[in-house]
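A.B. asks: how would this look folded up:
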Amino acid sequence: MIFIERVFVLKTPTMRLKRFLLRYFPPGIALEYIQGGKTKTKMLGLSSLSTSCLTGSYDRTCKVWDTDSGKELCTLKGHKNVVYAVTFNSPFDDKILTGSFDKTACLWSAETGECYSTLWGHTAEVVAVQFNLQCHLVGTSSMDSTAKLFNIATGQEVATLHGHTGEVIALKFSDDGNQIITGSFDHSIGVWDTRTAKRVGILNGHLQEISNCLFNHDGSLIASSSMDKTAKVWDQRTFSSLATITGHNDEVLDIAFDYKGHQLATASTDATACIWDVHSDFKLLAKMKGHKEEVSKVCFSPAGARLLTASLDRTARLWNADTGNCIQILDGHTDDVFSCAFSYNGDIIITASKDNTCKIWR
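C.D. replies: The predicted structure follows:
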């Protein structure tokens with residue numbers, strides 16, 4: 001199997017992000033960061049950003065690819081078992097974090113493939129990894145029922161997050177880096193303060209295992225999906241349930257907010273995906289029907305007008321997010337398609353399959 005994540009490659013030396021600002025014209029991003037003890041600013045025009053992707057595989061390696069040419073940039077070798085989770089430290093993208101069934105995570109150079117450090121401590125498979133946006137911490141979660149925080153600079157463990165009684169299969173940082181959420185097979189979502197490593201909230205209500213959890217764009221909401229055939233949306237401040245979404249008749253495998261946080265998409269084993277209105281009592285806006293097998297992954301285009309789904313029917317599909325109509329079937333894989341992503345501009349799609357290939361669609 002291959003696992004992918006969409007990333008933005010900004011070729012910069014090691015640095016710590018303070019904040020970033022949008023420039024409307026000409027379009028671009030201003031990065032304010034600390035390097036060598038000094039505060040610096042770097043302007044990046046959006047038109048100059050290149051795109052890249054990561055793939056992790058059962059062959060125990062992670063590969064970095066150029067999505068413009070489809071060429072392999074480098075191979076990260078060192079894990080002793082399946083490389084299951086991969087991510088860049090966006091927005092810098094000079095480091096890569098991998099999680100493996102060998103019970104470790106590794107921190108790598110994105111340009112050279114050098115392994116900076118191996119993150120030890122878990123006693124079972126590492127299945128989810130993430131950098132915080134400030135790029136000084138990473139989080140890992142494991143089938144050993146814990147999550148861990150590590151210092152990026154030293155590779156040393158900062159804290160172990162104890163409290164779940166089942167495997168922890170999902171984790172996400174808030175944008176300010178002060179919180180992290182964990183989703184577990186114990187049917188709950190934990191909310192943790194990264195500064196104290198204390199659990200500050202627990203979201204109970206699902207009747208079966210959690211499949212995913214995430215924050216919305218401003219961190220005010222938390223969404224979760226579960227094998228109990230529902231998704232839930234929670235108030236981040238009170239840890240109370242705002243809505244239970246019950247439109248699917250089988251397990252809900254994945255969820256995604258659009259980039260404005262106005263809509264929530266769900267993907268299900270019932271071979272459909274749905275879009276819900278976050279600001280109108282989570283009313284069903286569109287239902288995507290057409291896949292012949294379970295839909296394992298769902299994501300919005302950057303503009304939010306398109307929805308992308310990956311399915312075990314060996315295809316990915318592109319949908320009109322307003323009408324639910326299928327725009328295009330991406331047919332070419334010879335086995336299950338279980339991951340997909342848009343490029344930064346939304347004009348390139350990446351799909352990954354159990355057939356051991358990653359395809360780039362334009």
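A.B. asks: where does the stretch 1-150 of the chain dip in pLDDT?
C.D. replies: Counting by pLDDT under 70, the stretch 1-150 of the chain shows low-confidence ranges at 1-36, 39-52, 54-55, 57, 67-68.
A.B. asks: where does the nearest residue to C213 once chain neighbours are set aside land in three-state SS?
C.D. replies: Of all residues not flanking C213 in the chain, G183 sits nearest, at 3.9 Å (C-beta to C-beta, 6 or more residues apart in numbering). All C-beta spots, glycine's among them, are computed from the backbone N, C-alpha and C. Three-state assignment for G183 (DSSP: H, G, I helix; E, B strand; the rest coil): strand.
A.B. asks: what distance do you get for G183 to D235?
C.D. replies: 17 Å (C-beta to C-beta, to the nearest Å).
A.B. asks: just the strands in the stretch 201-350 of the chain please.
C.D. replies: Using DSSP state E, counting those that start in this stretch, the strands of the stretch 201-350 of the chain run over 210-215, 221-226, 231-235, 241-245, 252-257, 263-268, 272-277, 283-289, 295-300, 306-311, 315-320, 326-331, 337-342, 349-353.
A.B. asks: now what about stretch 243-250, what contacts it?
C.D. replies: Contacts to stretch 243-250, defined as C-beta atoms under 8 Å, 6 or more residues apart in numbering, come from residues 205, 229-233, 252, 264, 266, 268-270, 272, 274, 276, 281-282, 284, 287, 294.
A.B. asks: L171 is in contact with the residue nearest to C213, correct?
C.D. replies: Yes - G183 is within contact range of L171, at 7.3 Å (criterion: C-beta atoms under 8 Å).
A.B. asks: so what's the residue nearest to C213 bridging to?
C.D. replies: A170, I189 (DSSP bridges).
A.B. asks: residues contacting it?
C.D. replies: V168, I169, A170, L171, I189, I210, S211, N212, C213, S224.
A.B. asks: you'd agree V200 is up against V191?
C.D. replies: Yes - using C-beta under 8 Å, V200 is in contact with V191, at 5.5 Å.
A.B. asks: got any residues that touch both of these two?
C.D. replies: Residues within reach of V200 and of V191 at once, by C-beta under 8 Å, 6+ apart, are Q179.
A.B. asks: pick out whichever of those two has more residues nearby.
C.D. replies: The residue with more neighbours, out of V200 and V191, is V191; 19 against 12, by other C-beta atoms under 10 Å.
A.B. asks: what about the residue nearest to that one when sequence neighbours are not counted, neighbour count?
C.D. replies: Distances taken as C-beta to C-beta, 6+ apart place G201 nearest to V191, at 3.8 Å, with adjacent residues excluded. Residues lying near G201 (other C-beta under 10 Å) number 18.
A.B. asks: over to E251?
C.D. replies: Applying other C-beta under 10 Å, we find 19 residues neighbouring E251.
A.B. asks: for it, give me the pLDDT.
C.D. replies: E251 is assigned 97 on the pLDDT scale.
A.B. asks: now swap in D218 and tell me
C.D. replies: For D218, the pLDDT comes out at 89.
A.B. asks: now do the one 4 residues further on
C.D. replies: In the prediction, the pLDDT value recorded for I222 is 98.
A.B. asks: any idea what sits nearest it, other than its immediate chain neighbours?
C.D. replies: Closest residue to I222 apart from its sequence neighbours, by C-beta to C-beta, 6+ apart: W234 at 4.4 Å.
A.B. asks: and D193, by the same measure?
C.D. replies: In space, D193 is closest to V200, 5.1 Å off (C-beta to C-beta, 6+ apart).
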